[in-house]
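S.K.: Pasted the sequence and its predicted model underneath.
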Amino acid sequence: MLDASLHGAALLDLGIKQDPEAVTKYPWAIKKESTAETLPTGASMLEIFDSIGMGRSLLILGAPGSGKTTMLLELARGLIARAREDVTQPIPMVFNLASWTEKLTLADWLAQELNNLYSVPRKTAPDWVKGNKLLLLLDGLDEVQQESRTKCVGAINEFRKQNGLTSLAVCSRSQDYADLNAKLSFEGAIEVQPLTQKQITEFFNHFGDETSGIKQALEKDNALREMAETPLFLSIMLMTYRSKQDVEILGIGDEKASRKHLFDTYVERMFDRAGSKNKVYKKQDILYWLSSLAAKIIEFNQEPYLFESMQPEWLNNIKKIRAYRVTCILVSELSGGLIVGLAFGFIFGRAYGLLVGLIFGLFFGLSASQKKISTVDVLSFSWKRSGIGLKIGLGMGLSIGVVVVLILGLIDGLIVGIIFVLMFGLGMGLSFGVIVNQIDQATVPGKKIIFSAKNFLFSSFFGGLVGALLGGLIGVLSVWVSDGMIISQMVGALNIYVSFCLIGGVTNGLISGLQYGGVTIIQHSTLRFLLALNNLLPWKLVPFLNHCVDLIFLRRVGGGYIFIHRLLMEHFAEMYVETSTSKGN
């Protein structure tokens with residue numbers, strides 16, 4: 001991320017001012033007075049961080065686009081280099097606070113993110129957090145939902161009380177932090193300062209006559225000159241207005257209008273670049289889809305964007321969400337319900353098949369339509385959990401067997417009881433033993449959906465095999481059941497055996513497959529279909545997102561995507577409001 005940042009190549013020596021008044025006095029901190037002087041130029045973030053001392057904590061403030069995240073990542077790079085040389089050093093790890101919720105303590109959230117982002121095992125992650133083995137670099141305090149930011153500050157302060165030897169740094173926009181009713185209890189705070197006119201001039205002088213139009217425009221336009229004090233805008237100006245005359249840049253208006261014009265021009269410039277042409281997507285469609293995407297990422301705090309993590313709420317209104325639920329029910333009926341119904345209908349007749357198929361499909365359809373979309377990445381088996389399920393199943397089977405003995409008599413009752421003991425005991429034993437694990441860190445977009453599809457096929461095959469064997473065993477036992485039962489009307493033991501194998505294999509195979517990956521595929525495909533149908537996102541998402549990476553609107557982070565800067569994402573989100581009513585005109 002640091003190497004790909006827009007203004008990372010500028011190598012600007014940003015001014016930094018200490019701001020101790022931004023934090024409350026930490027008990028072990030040395031009292032420092034506020035000063036208007038910036039820290040000496042050339043001081044690295046690692047040197048500034050080290051100067052705080054053991055168990056250090058630092059707040060990094062700055063205006064939007066001022067380079068806060070860049071400085072945090074520079075600090076991360078220095079800390080990583082140090083940790084590679086000395087294994088006793090804590091492990092530097094970067095997290096984005098946007099995903100924090102009030103339901104979790106900071107320690108619990110960190111353990112969850114360690115598993116989600118860095119694939120640290122669930123059992124190991126809490127020990128790393130509580131054992132002071134990490135050095136935490138937390139970006140985006142201002143990206144936490146506004147109503148939760150004060151509580152997030154409280155959660156960080158509480159974590160500091162419990163884990164005082166864990167070093168950490170937090171980034172936030174200055175104004176958003178100042179608006180809070182609470183302060184972080186940290187040892188130090190710094191604020192990134194705007195670029196000086198001398199730095200801006202030297203930056204553009206490096207590119208010679210190509211930037212003469214920009215320099216002339218900066219002399220005449222105060223709003224543009226103020227924007228140039230921010231590294232992000234300075235770099236975008238270079239990419240957007242390079243080789244343009246000042247008359248093409250001036251006459252925009254106030255700072256807000258200038259910023260909008262700058263981003264609009266940047267977007268146009270990226271479309272006009274050589275090699276950025278794409279015959280598959282129309283320019284207006286790309287802008288509309290990016291606007292929709294940006295608005296939803298902000299609304300649901302899903303950064304980086306993993307399209308496997310989308311939920312039905314991404315549909316705009318309750319009617320579309322209802323359409324999603326109805327579609328899930330219909331797809332489940334047509335897939336699982338139809339297959340199971342045909343299996344039962346082939347043996348017991350159409351009426352039984354129709355009834356069982358409707359019940360089966362409706363059950364999974366309602367389940368799929370209501371539950372959160374959750375991918376099935378890895379399946380494991382726990383013998384301990386399996387033993388618990390086996391005991392519960394045996395208890396249920398024996399209970400039913402006792403009741404049947406009282407109704408049918410000893411011999412027939414024992415046979416039916418054995419059937420139910422086998423069904424419930426083995427079935428629940430296997431079901432309880434399977435554990436679904438999620439690995440949210442993926443190197444390839446859509447990998448989690450591929451995992452879910454593979455687990456669906458594996459579970460269907462294995463579950464079908466177990467169901468067929470169990471069904472066959474039950475079929476053999478059923479031969480000895482009294483003439484008063486329906487199954488006795490079947491001719492021949494072989495027919496009974498084959499029939500129960502078919503029913504058990506098909507039913508258990510589909511139940512297992514749908515439970516472990518199949519429902520996920522139905523849910524995700526239905527959501528993607530409806531998003532494409534309502535033109536909120538294209539059906540072929542990965543090619544579209546990769547094209548946006550080529551346009552330098554997005555960048556890849558593992559198996560996900562992020563906008564090159566939050567300000568650009570906010571620009572696209574505002575564009576969504578403007579274009580949603582005019583789409584198609």
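M.R.: Perfect, I can see it now.
S.K.: switch to C-alpha atoms for all contacts and neighbour counts from now on
M.R.: Will do.
S.K.: can you pull the contacts of Glu313?
M.R.: Residues near Glu313 by C-alpha atoms under 8 Å, 6 or more residues apart in numbering: Ile321.
S.K.: quick one: it from Phe271, how far?
M.R.: 31 Å (C-alpha to C-alpha, to the nearest Å).
S.K.: now for the longest helix seen in the chain, which elements pack on it?
M.R.: Secondary structure of the chain per DSSP state H: the longest helix is helix 447-478. The contact analysis (3 or more C-alpha pairs under 8 Å, 6 or more residues apart in numbering; DSSP states H and E) places helix 447-478 against strand 378-381, helix 410-433, helix 493-513, helix 519-533.
S.K.: ranking the ones you listed by mean pLDDT, which is last?
M.R.: Note on the helices and strands packed on helix 447-478: lowest mean pLDDT is at helix 410-433, with a mean of 63.
S.K.: ok, then the element right after it?
M.R.: strand 434-437 (DSSP states H and E).
S.K.: and Tyr305, what is it in contact with?
M.R.: 297, 560-562.
S.K.: For it, grab phi and psi.
M.R.: Per-residue torsions, Tyr305: phi -80, psi 120 (degrees, to the nearest 10).
S.K.: That one and Leu315, how far apart?
M.R.: From Tyr305 to Leu315 the distance is 16 Å (C-alpha to C-alpha).
S.K.: and what of Leu75?
M.R.: 39 Å.
S.K.: Check Phe456 too.
M.R.: Per C-alpha to C-alpha, Phe456 is found 26 Å from Leu315.
S.K.: Of the two, which one has the most company?
M.R.: More crowded of Phe456 and Leu315, by other C-alpha atoms under 10 Å: Phe456, with 25 against 21.
S.K.: so what's the more buried one up against?
M.R.: Contacts of Phe456 (C-alpha under 8 Å, 6+ apart): 512-514, 516-518.
S.K.: If we use 10 Å, what do you get?
M.R.: Counting by C-alpha atoms under 10 Å, 6 or more residues apart in numbering, Phe456 makes contact with 376, 450, 462, 509-510, 512-521.
S.K.: hang on, the earlier thing: just the ones of the contacts of Tyr305 in strands?
M.R.: Taking DSSP state E as the definition of strands, the contacts of Tyr305 contribute 560-562.
S.K.: could these go into TSV alongside neighbour count and distance to Thr105?
M.R.: Below are the ones in strands among the contacts of Tyr305 laid out as TSV (neighbours: other C-alpha atoms under 10 Å; distance: C-alpha to C-alpha, whole Å):
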residue	neighbour count	distance to Thr105
Gly560	21	26
Tyr561	20	27
Ile562	22	26
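S.K.: ok, Asn317 - how many residues close by?
M.R.: Considering only other C-alpha under 10 Å, Asn317 is surrounded by 10 other residues.
S.K.: phi, psi of it?
M.R.: The phi/psi pair for Asn317 (degrees, to the nearest 10) is phi -140, psi 170.
S.K.: and if you look at the one 3 residues further on?
M.R.: Recorded main-chain torsions at Lys320 are phi -70, psi -30, according to degrees, to the nearest 10.
S.K.: where's it relative to Lys371, distance?
M.R.: In terms of C-alpha to C-alpha, Lys320 sits 16 Å off from Lys371.
S.K.: Settle it for me: which of the two has more neighbours?
M.R.: Lys320 (18 against 14).
S.K.: Next up, the contacts around the more buried one.
M.R.: Lys320 neighbours (C-alpha under 10 Å, 6+ apart): 312-314, 326, 527, 530-531, 534.
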